[in-house]
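Visitor: Have a look at this prediction, sequence included:
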Protein chains: 2
Amino acid sequence: MPRTTQVWCIVGQIKRLLLGKPIATEHQHHERLSRITALAVFSSDALSSVAYATEAILTMLLVAGAHALGLSMPIAVAIAFLLIIVVSSYRQTIRAYPKGGGGYIVSRDNLGDIPALIAAGALLVGYVLTVAVSISAGVAAITSLAGNWGFPQVREHAVPIALGFIVLVSIANLRGLKESGLIFSVPTYVFVVSMMGMIIFAITKNFFVGAAPVIHSIAPEIPEPGEAITLLLILRAFAAGCTALTGIEAISDGVPAFKSPEAKNASATLTMMAALLITMFLGITWLANAHHAVPNELSHETVVSQIARTTFGNGPVYVAIQIATATILILGANTAYADFPRLASFLSRDRFLPRQFSSRGDRLVFSNGILALGFFSAVLVIIFQANEIAMLPLYAVCVFVSFTLSQSAMVVRHLRIKAPRWQLGVMISGFGAFITLIVMLVQGITRFYEGAWLVLVIVPLMVIIFTSIHRHYNSVARQLSLEGADLPIALRRHTAVVLVSGIHRGVLPALQYGSSLAPDNVTAVYVNLDPDHTAKLQQRWSDWGCNVPLVVLESPYRSLITPLFNYIQELDARYDDDVLTVILPEFVPAHWWEHLLHNQTGFLLKAALMLNKNVVVTSVPYHLER
Amino acid sequence: MPRTTQVWCIVGQIKRLLLGKPIATEHQHHERLSRITALAVFSSDALSSVAYATEAILTMLLVAGAHALGLSMPIAVAIAFLLIIVVSSYRQTIRAYPKGGGGYIVSRDNLGDIPALIAAGALLVGYVLTVAVSISAGVAAITSLAGNWGFPQVREHAVPIALGFIVLVSIANLRGLKESGLIFSVPTYVFVVSMMGMIIFAITKNFFVGAAPVIHSIAPEIPEPGEAITLLLILRAFAAGCTALTGIEAISDGVPAFKSPEAKNASATLTMMAALLITMFLGITWLANAHHAVPNELSHETVVSQIARTTFGNGPVYVAIQIATATILILGANTAYADFPRLASFLSRDRFLPRQFSSRGDRLVFSNGILALGFFSAVLVIIFQANEIAMLPLYAVCVFVSFTLSQSAMVVRHLRIKAPRWQLGVMISGFGAFITLIVMLVQGITRFYEGAWLVLVIVPLMVIIFTSIHRHYNSVARQLSLEGADLPIALRRHTAVVLVSGIHRGVLPALQYGSSLAPDNVTAVYVNLDPDHTAKLQQRWSDWGCNVPLVVLESPYRSLITPLFNYIQELDARYDDDVLTVILPEFVPAHWWEHLLHNQTGFLLKAALMLNKNVVVTSVPYHLER
């Protein structure tokens, strides 16, 4: 079959070109990570949030005027404390779940299905937002750089650029990008070193020379001072800044990837990550205040870009910082490409998502999860026009829902297991759960109309979908279970019907097959749509009908299905102990596109016939040569 | 099967609601039309072109400044002469082809396949443009009216309104709108009477009172006079105005619909139509000059609306004229819904288009042709933003290609048949063919870059597609022909393979079927994707395998297809005198949407297996109850 092979080959080659050769199952890969590498692999998402968290706080405060911006530093300190609490709590989780304790697993283990599904829904939405926010922020770093180098119009193409990155990261993950050390280590450490360097350099410089204010290419719109600084404003700014915490749960998911002793190494890495995150976050917030950096909706230049440019000038160091920022943000998006498909596969394995999410593709990755993540994050980027700050309210609430559930689950676990020092555990996790619950409520209430309300719609909807799917699969499993089944008795009798649309070479093999299956009980059936054609067929049938009797069905409304179904039901009712086989002669064109030139009746008929009980559908092909 | 019936019912009900109940074949409808009714039925397309032809001339002339507009009247007179020539020629066609002589039929009869296919391609494109142009012009009449009544913003929604009309007309035709007298007669005669009334009233009024110039809501952009009036300019304006001739061929297509004597009645109706068309076209052009009406790209008010408003004021008479204009334009589009599907069905019957175009749907109409026409005209409306004037160059060339071919074919026919007075026939048709050829060249050359070039791309491409399809169908027919075929000998031996993905109730009927088909020669085959699962299956097989031997295939790359294909080829090679049946157990969910929750592997497998020669594919369903 050279030609059919040809078609498969072309499709295959395109796939190979994009995704690479298939990987054998035995090559499934388990790299164990040192602390240094693990920090790079698991922290890009969390560390990269310093690229937008300070800006999110300033954006909220700016509403009340420039004089409110000074509040950003105390707010950042409060967020740093929150981070310490949550990290302490996650250290507990790491010790308790050395095989990996994501929000879904921990909740399911301790709180039951519904809380686990809420956590899962919030996490899945959160991962989609991780991609959309990180990629958009990465593009903002690039367009800020381009703007300062004389290409401000690049900003207008932020959406297509962001979509391009999503496609790229999706393809890389479909190929099965390894979470291997080098790819992650270099950009992560370049980012950490350049950010730390900038902070130290700038603080030193400011100490001796004094801090220069940012000079904007287009002056930002700053509201007249006058609006009072209310508690609500402060809470909103705090809620916005809490996006600095996104991504810190990643290590608790990935404990098994650490070198032995896994839990200890993971725990230490988490602490290290928290220390770096807090230092950079506070440093950038401090510098933003010192240099009067403000979110600029007109030039679209990011706050980090403003600081870097003011500190180092428009030269190579600034360029390096912007590129490092963009790179770590895109790596941050990439971690969601590991997390989302893995969580989807857990849900699928537990029968809460379609089976397709748990099958590994050619390249050993969960391809369907990757495609779903890419699709939904692209949709978000388009809806929000690649504006990461606008996506943050929804993002933050999702992340804090899973924080709260995960820590509450740890409280229940401590109370249940009563391991040594369980009282301390309850206190840490309980305090963490309480605080994150409060923060979640603050976020949900103060930013309700800015997107937080969506969580109230999407997450319950997802839980409903999860449980419906679960019910369906369980019902199927029960129905298919062999428990109490009887072995089938041998078939006594076959009845065969050959559907014909005329008499030609393509029909003969089907008639032959039908005669052999049910020699005494086979009919050919034809639906009369054109009396002339029918008369001609009846004439030729005696010569070519292979002794199979021809039944002509009338169809006043030119429908094929209705008269056929009636005839089949009538035939089926005739015997009790038989099986009815409907035989469709199908000619297969030599080239696949030629299918378009033939009525797709056969295909529709097959689908419709399968809905009839007790009917077996058989296709007898006749292959055209050219 | 209550639930499956349910699904069919819902789909069916939606279809019924939109399209009405199916119509029995015996109710195929043949209304014979009187001259008065036929004039209405066949002329809406032709007569409605007066709504834009004058404006098309003025638009061209305006390029040279306001002083050039006076040339519109002599140009219109020249076009009127051209119309008389073409109409005289078509009277010949009517007499020669009393069964209907469209460009395709007449060309195929006299000039051969390739000219006929060129005519067919040009006609099909022309019909699509008829819909796009007429609907857009109808919407322009409506938006002009709305603009004068204080809703100029309606114009901004011209594209969605036009698309809405296309959907409406398409659905009406899918329902099987009868070309019945009343629907057409009322608007056509209202239009004719109101236009004629306006012309007579305005000319009389202008004679006694003097003509008032049009007062524009937004002054039109008129270029500074200065550019010379060149021959090219005049030719371009002439070419643009020739769109007044579009639609006049409709009667020659529809001769059999006339009351007896068909040819005589059709011929007289054509003459009547030409007289009306010329009177209205010259009248409107004269009035446009008298009132200094000019195409206004800023207010988007049509020239006819300007004249009507200036003549009658902004009151009820003006409203009636605009509504009559819009209605006849939409009816004009509707005639293409009869012509396009009919021509497509001729082409399909002659094997130049896919078979699907010649099958009548539930409602006895050529549904696929209607859908194709609706789709392509919607695409044009979107591309050209419902600007009918911009579509005219392409439209005019298409129409004149078919005029030229159709009349050339009549010349050949006269020379061949030599009926009485054939010399006169040759002269009339030959002169017509020559003139329309010249006009076609003028249009093609002077408006090449405005869209006429597209004809040079699209029409040859269509001819290539037509002939490729023709070759394919002929090749299939030859291959399927029973000539020289041998009657098949009885099948000696069956080999059966049951593909299993596990062991459950859904598999048992398939095993039972396989055993019955080939008791000594059946195997169950399973592809090992997960060793644990395989081991479990092998364990349970002895209890539940129905004595069918289980073959486990290894698949290092987790592909199902490759190992299966290899195994099947191996099996197939084993015996020469057998037929190999691959049996797929398929469980059918109780609700159609549940299909999404199950791997579509079965479907893909079936498609792939059908590509193997000598393999019969059988689906044994197992129906889930809930």
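Guide: Sure, I can see it.
Visitor: In terms of secondary structure, what does the top strand by length along chain A contact?
Guide: Among the segments of chain A that qualify as a strand by DSSP state E, the longest is strand A:578-588. Secondary-structure packing of strand A:578-588 (3 or more CB pairs under 8 Å, 6 or more residues apart in numbering or on different chains; DSSP states H and E): strand A:493-499, helix A:508-517, helix A:561-574, helix A:601-610, strand A:615-623. The way it works is simple: take the backbone N, C-alpha and C, and place the C-beta from them, glycine included.
Visitor: dump the residue contacts of residue A:580.
Guide: A:495-497, A:568, A:571-572, A:614-616 (CB atoms under 8 Å, 6 or more residues apart in numbering or on different chains).
Visitor: Name whatever forms a beta bridge with it.
Guide: Following DSSP bridges, residue A:580 is listed with bridge partners residue A:495, residue A:615.
Visitor: rewinding a little: please render the contacts of residue A:580 as a markdown table that adds pLDDT to the earlier fields.
Guide: As requested, those are exported to a markdown table (pLDDT from 0 to 100):
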| residue | pLDDT |
| --- | --- |
| A:495 | 92 |
| A:496 | 93 |
| A:497 | 93 |
| A:568 | 88 |
| A:571 | 87 |
| A:572 | 84 |
| A:614 | 77 |
| A:615 | 89 |
| A:616 | 92 |
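Visitor: elements contacting the host helix or strand of residue A:160?
Guide: Applying DSSP states H and E as the criterion places residue A:160 in helix A:158-174. Here helix A:158-174 touches helix A:2-19, helix A:113-148, helix A:316-349, helix A:367-383, going by 3+ CB pairs under 8 Å, 6+ apart.
Visitor: hey, which of those helices is tucked in deepest?
Guide: The highest average neighbour count among the helices and strands packed on helix A:158-174, using mean count of other CB atoms under 10 Å in any protein chain shown, belongs to helix A:113-148 at a mean of 26.
Visitor: what separates that one from the chain centre, distance-wise?
Guide: Distance, stretch centre to chain centre, for helix A:113-148: 11 Å (CA atoms, centre = their mean, to the nearest Å).
Visitor: between it and helix A:316-349, how big is the angle?
Guide: 160 degrees (axes from the mean of the first three to the mean of the last three CA atoms, to 10 degrees).
Visitor: one step back: any idea of the mean pLDDT in the next helix or strand along the chain from the helix holding residue A:160?
Guide: Later in the chain than helix A:158-174, the nearest helix or strand by DSSP H and E is helix A:181-209. For helix A:181-209, mean pLDDT rounds to 87.
Visitor: for stretch A:304-317, same thing?
Guide: Here the average pLDDT along stretch A:304-317 is 90.
Visitor: What's the local residue count around whatever residue of the stretch 101-250 of chain A ends up closest to chain B?
Guide: Proximity to chain B, evaluated over the stretch 101-250 of chain A using CB to the nearest CB, is greatest for residue A:176 at 12.7 Å. Close neighbours of residue A:176, defined as other CB atoms under 10 Å in any protein chain shown, add up to 19.
Visitor: give me the low-pLDDT residue ranges for the stretch 351-500 of chain A?
Guide: Along the stretch 351-500 of chain A, the model assigns pLDDT under 70 to residues A:362.
Visitor: and it, which residues reach chain B?
Guide: A:354-356, A:359-362, A:469, A:472-473, A:475-476, A:479-482, A:485, A:487-491, A:494 (CB under 8 Å from any CB of the partner chain).
Visitor: hmm, 6 Å instead?
Guide: Residues of the stretch 351-500 of chain A lying close to chain B by CB under 6 Å from any CB of the partner chain are A:354-355, A:472, A:479-480, A:482, A:485, A:488, A:491.
Visitor: Thanks a lot, see you next time.
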